[in-house]
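Chemist: Starting from these lines, generate the structure:
(2 chains)
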Amino acid sequence: MSVHTKTIAQLSQGLSSGEFSSVELTQHYLDRINASDLNAFITVTDELAMKQAQAADDKIAKGAGSILTGIPYAHKDIFCTNGVKTSAGSKMLDNFISPYDATVSHKLNQADLVMLGKANMDEFAMGSSNENSYYGDVKNPWNINKIPGGSSGGSAAAVAGRLAPFATGTDTGGSIRQPSSLCGITGLKPTYGRVSRYGMIAYASSLDQAGPMTQTAEDAALILNVMAGFDEKDSTSAERDVEDYTASLNDSIKGLTIGLPKEFFSEGLDDEVASQVMAAVKEFEVMGATVKEVSLPNSAYAIPTYYIVAPCECSSNLSRLDGVRYGYRCEDPKDLEDLYLRSRTEGFGEEVKRRIMIGTYALSAGYYDAYYLKAQKTRHLISEDFKKAFKDVDVIMGPVSPTTAFDLGSVKDPVSMYLADIYTLSANLAGLPGMSIPAGFAQKLPVGLQLIGNYWSESKLLNIAHQFQQQTDWHTQVPQES
Amino acid sequence: MSLSEEQVGQIAYLARLSLSEEALQSNTKDLNSILSLVEKLAEIDTDGITPMAHPLHMTQRLREDKVSEEDQSESFQAIAPKIGKKHYLVPTVIE
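Modeler: Numbering: from 1, shown residues only, chains lettered A, B, ... in the order given. All right, here's what the predicted structure looks like:
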């Protein structure tokens, strides 16, 4: 077994037993990144990584290391990293060297993890294919002519291509789960408020949530243990103790009740994806779970609701990028208005501009009630659907994405792209935790199974996913090296 | 309802974006197709439903009113496009 196919749990053993050092491990991954043509990284922080690896080795030698000391990772370029370029995939922030650490970055540093670099992503996390990055498309390691999914496409490609043992991601409408599904890895979006948003460049603040992207559920639990927790610097952070997410991984799932929402298996779902998802559900039945049909009647409104709420919040959040205090400023502005107009017009990409304009329109006088207020009310109905469903079932399962990864450049109009988010948006609108776990292949491409749990049920989701991964080997499949 | 190019130009201006002739045409088409997607919301009866401002219905936390941030103006200004002493420079606003 090559070292880069090992899970975090296995690497941790190798480091503490002295089988390899963090410096060796880090160099190995850096070599793989440099040889890779996936474009998974915007910035490779090799010098910093070697320094962190050396410090980790020193700590391990002194017997002062913890379970994650010296493990390398890819950090989505949406998290501010002190002294390191933080671009959010945008020309607007191409020159932005963050003067501070995001809380997540700080916590990962405190745990002695080694940052290999900043992962590519759709600009400001807006996109489902990673084709909206200023730094170019990311390629799917399973087939380099396919999209990796988005917006955490670089993170997913890095983990699937074994360029990093794990990556961080953020999920506003599916941006952890969808690329995890399309690249065949494990991704967890926690309950809204579980992981601090401080220093995580905001897209839609009432939806954004960070989480781990890993090979296995066990690894995701190890990383969530570090990422999660109350943060007084984030006013929406939940004041709630962090559990040990590894504690219940081995619990039996006999008697688990799985809900299958009929709306998730309707028109538009690829037949082969559907049959892989159903085969995974069948596997759970063999393991002692029972399956029940549930209904989320307002699911059909998740797309329109999301594509009002998110653009409205983004138009407000991105208004701070004006070329005055940091980020891109146009050449020779003739007056202040010209500075604003040209800095923003030249700095933002097409999709970001579209969403800013939709949000600006929907929030403008006379339209606020018809759009934003209406969407917020519908959002309430969508979350009530889940509340009802969770009275009868422990977990909801279904597909993550209606199809497997599509060809790069094949989806040109924005609305068709939005429709691909149909199964992931509702969990964000309701604030619920969700996962994608590898569940098979269709058209030689990975298919993910989505798990949606009740609020604060991350431990339960990880337990369910871990038990599935004890019975299946989809999560150990590695793409052929090109 | 659908937006005219003139309206789209106005929206772009409100967002401090400027659109070329070509961009105005393509954005008008795209914005209208996005709006027809979201028009679907009109179907739902939301009478008496409270808008959901926060997924966990949390109220804003309050903290003691004391200084928590130290002065970091130097590091913040180090990444600014153009600065003077403790201020940011922009083109002349008042002649």
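
Chemist: any idea which element the nearest residue to residue A:294 once chain neighbours are set aside lies in?
Modeler: With Cβ to Cβ, 6 or more residues apart in numbering or on different chains as the criterion, residue A:294 has its nearest non-adjacent residue at 3.8 Å, and that residue is residue A:259. For glycine as for every other residue, the C-beta is placed from the backbone atoms N, C-alpha and C. Element membership of residue A:259, judged by DSSP states H and E, is strand A:257-261.

Chemist: circling back: if I look at the residue nearest to residue A:294, what pLDDT would I see?
Modeler: With respect to pLDDT, residue A:259 scores 98.

Chemist: still on that earlier bit, for the strand holding residue A:259, name the packing helices and strands.
Modeler: helix A:271-286, strand A:290-294, helix A:374-392, strand A:395-399 (3 or more Cβ pairs under 8 Å, 6 or more residues apart in numbering or on different chains; DSSP states H and E).

Chemist: Determine the angle, from 0 to 180 degrees, between the following helix or strand past the second one and helix A:374-392.
Modeler: Next in sequence after strand A:290-294, counting helices and strands by DSSP H and E, comes helix A:302-317. Helix A:302-317 and helix A:374-392 are oriented at 130 degrees to each other (axes from the mean of the first three to the mean of the last three Cα atoms, to 10 degrees).

Chemist: In chain A, where is pLDDT below threshold?
Modeler: Counting by pLDDT under 70, chain A shows low-confidence ranges at A:1, A:482.

Chemist: can you map out the strands along it?
Modeler: Per DSSP state E, chain A carries strands over the ranges A:41-44, A:72-76, A:114-119, A:166-171, A:186-189, A:209-214, A:257-261, A:290-294, A:395-399, A:434-442, A:445-452.

Chemist: Pick the most deeply packed of those strands.
Modeler: Greatest average neighbour count among these goes to strand A:186-189 (a mean of 32), per mean count of other Cβ atoms under 10 Å in any protein chain shown.

Chemist: which residue sits farthest out from the middle of chain A?
Modeler: residue A:334 (40.8 Å; Cα atoms, centre = their mean).

Chemist: list the contacts for that one?
Modeler: For residue A:334, the contacting residues are residue B:91, by Cβ atoms under 8 Å, 6 or more residues apart in numbering or on different chains.

Chemist: can you give me the end-to-end distance of stretch B:52-68?
Modeler: This stretch, stretch B:52-68, spans 31 Å end to end (Cα to Cα, to the nearest Å).

Chemist: If you count neighbours, what's buried in it?
Modeler: For stretch B:52-68, the neighbour count (16 or more other Cβ atoms under 10 Å in any protein chain shown) marks B:52, B:55-56, B:58 as buried.

Chemist: So it, near chain A or not?
Modeler: Yes. Applying Cβ under 8 Å from any Cβ of the partner chain, one finds stretch B:52-68 touching chain A at B:52-56, B:58, B:60-61, B:63.

Chemist: Format the residues you listed as JSON lines; extra columns: distance to residue A:363 and secondary structure.
Modeler: Below are the residues of stretch B:52-68 next to chain A laid out as JSON lines (distance: Cβ to Cβ, whole Å; DSSP: H, G, I helix; E, B strand; the rest coil):
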{"residue": "B:52", "distance to residue A:363": "17", "secondary structure": "coil"}
{"residue": "B:53", "distance to residue A:363": "14", "secondary structure": "coil"}
{"residue": "B:54", "distance to residue A:363": "18", "secondary structure": "coil"}
{"residue": "B:55", "distance to residue A:363": "20", "secondary structure": "coil"}
{"residue": "B:56", "distance to residue A:363": "23", "secondary structure": "coil"}
{"residue": "B:58", "distance to residue A:363": "23", "secondary structure": "coil"}
{"residue": "B:60", "distance to residue A:363": "21", "secondary structure": "coil"}
{"residue": "B:61", "distance to residue A:363": "25", "secondary structure": "coil"}
{"residue": "B:63", "distance to residue A:363": "29", "secondary structure": "coil"}
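
Chemist: between those residues, which is closest to residue A:313?
Modeler: Distance to residue A:313 across the residues of stretch B:52-68 next to chain A (Cβ to Cβ) is lowest for residue B:53, with 11.2 Å.

Chemist: Which residue is the nearest non-sequential neighbour of the closest one?
Modeler: Closest residue to residue B:53 apart from its sequence neighbours, by Cβ to Cβ, 6+ apart: residue A:376 at 6.6 Å.

Chemist: Count residues in the vicinity of that neighbour, would you?
Modeler: Using other Cβ atoms under 10 Å in any protein chain shown, residue A:376 has 21 neighbouring residues.

Chemist: I'd like the distance between it and residue A:423.
Modeler: From residue A:376 across to residue A:423, the span is 22 Å (Cβ to Cβ, to the nearest Å).

Chemist: neighbours of residue 35, just the number please.
Modeler: Going with chain A. So residue A:35, with other Cβ under 10 Å, has 10 neighbours.

Chemist: Can you look at chain B instead?
Modeler: Residue B:35: 19 surrounding residues under other Cβ under 10 Å.

Chemist: cool, and the one 4 residues further on?
Modeler: The number of residues packed around residue B:39, counting by other Cβ under 10 Å, is 14.

Chemist: mind checking the SS state of it?
Modeler: Here residue B:39 takes the helix state, with states given by DSSP: H, G, I helix; E, B strand; the rest coil.

Chemist: rewinding a little: I'd like the residues of stretch B:52-68 next to chain A laid out as a markdown table, including distance to residue A:284 and pLDDT.
Modeler: Shown next, in a markdown table, are those (distance: Cβ to Cβ, whole Å; pLDDT from 0 to 100):
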| residue | distance to residue A:284 | pLDDT |
| --- | --- | --- |
| B:52 | 31 | 91 |
| B:53 | 36 | 81 |
| B:54 | 33 | 80 |
| B:55 | 27 | 81 |
| B:56 | 29 | 81 |
| B:58 | 33 | 76 |
| B:60 | 40 | 78 |
| B:61 | 39 | 82 |
| B:63 | 45 | 84 |
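
Chemist: Kindly reformat the strands of chain A as TSV containing distance to residue A:178.
Modeler: Below are the strands of chain A laid out as TSV (distance: least, Cβ to Cβ, whole Å):
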stretch	distance to residue A:178
strand A:41-44	20
strand A:72-76	14
strand A:114-119	15
strand A:166-171	9
strand A:186-189	9
strand A:209-214	11
strand A:257-261	17
strand A:290-294	22
strand A:395-399	10
strand A:434-442	7
strand A:445-452	8
